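Undergrad: With the sequence up front, the predicted model follows.
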Amino acid sequence: MNINKEAVKFNIIKTIIYIVFFIMVIGVVYPLIWTFLNSLKGNQEFYINNFGFPKNPLWSNYVIAWQRGIGIYYFNSFIVTLITVVVSTFMAAIAAYGLSRFDFKWRNQIFYFIIGGLLISQQVATIALYEMLKAINIYDTYFAMILPYIAFRIPFSVFFMYPYFASFPKEIEEAAIIDGCSSFGVFMKVVLPVSKPILASCGIMAAMFSWNEFIFALIFIESESLYTIPIGLMAFRDALSTSWGPLLAGIILATIPMIIFFIFLQKYFVTGLTAGGTKG
């Protein structure tokens, strides 16, 4: 009897968990479906029936969206995101590895100083960054976005990578040093190749941050030719007035790269989250 009661209790809990997850999936997927369906409608159909399927799908809305500037915003976001991901992940990996492996004066203080960056919000730093970017003459350039993005991603990436590198087997590194590798050579040829999951996790989070970032891109960029996706879509709405079909088509186009990026790296992402969260 006790076994049956435990089994029934377990099944009930499992069912509740499934229901909760199903509701969460609906909450995430439904807005995407709604946006996609309405991106294929004209204005009149959108206002009359924005919860139904399009009667005559207007795939031309995607062509209009691309021609009105989405292509340029795509290119700008790609450049900014790519540089941010590569530089911030690599610099964070070097910092985390050095702090976790080498014993030197002020090591703990440097680590806490870097991690302290997690406590700084974008809103608080905006005015200071604006003045700094104007002073060094990189305001309204790609670097006006790239440098702040890198600076804001490094603290979290170091915090995330540190326990992973701290638990890395020293025997492997010692064997590489005996074979003639320098410390940097060990890092590049031994540590990094087997650290793909943790690097992919930090890379994905850095990519999502820089691809969707709004505040810095809005304040530090004036030229429309440098607009990234979030700012471009805001300007896109003004340019198109109430043409909701092309606007929603632009939103769908803006989400596709991150979805594809995550799908290809999700295995590494899950593994990296587990490694970074449990080791140390």
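TA: Cool, got the structure.

Undergrad: Show me what the mean pLDDT comes to for stretch 205-218.
TA: What stretch 205-218 shows for mean pLDDT is 90.

Undergrad: how long is it from one end to the other?
TA: Start to finish, the residues bounding stretch 205-218 are 21 Å apart (CA to CA, to the nearest Å).

Undergrad: residue contacts, P57?
TA: The contact partners of P57, by CB atoms under 8 Å, 6 or more residues apart in numbering, come to L40. For every residue, glycine as well, the C-beta is placed using N, CA and C.

Undergrad: all strands for this protein, in order.
TA: Counting by DSSP state E, the chain has no strands to list.

Undergrad: what's the spacing between the spatially most central residue of it and Y18?
TA: Nearest to the mean C-alpha position of the chain, counting by CA atoms, centre = their mean, stands M208 at 1.8 Å. Here the criterion is CB to CB, to the nearest Å. By it, M208 lies 27 Å from Y18.

Undergrad: quick one: W34 and F51 touch, right?
TA: Yes. Assessed by CB atoms under 8 Å, W34 is found in contact with F51 at 7.4 Å.

Undergrad: more neighbours, those two?
TA: W34 (13 against 7; other CB atoms under 10 Å).

Undergrad: check contacts around the more buried one.
TA: Here W34 is in contact with 50-51 (CB under 8 Å, 6+ apart).

Undergrad: circling back to that earlier point, skipping its backbone neighbours, what lies nearest the residue nearest to the centre of the chain in space?
TA: Spatial nearest neighbour of M208, excluding adjacent residues (CB to CB, 6 or more residues apart in numbering): M258 at 6.0 Å.

Undergrad: What about the one you found, how many residues nearby?
TA: Other residues within reach of M258, judged by other CB under 10 Å, total 17.

Undergrad: again with I115
TA: Residues near I115, counting by other CB under 10 Å, number 14.
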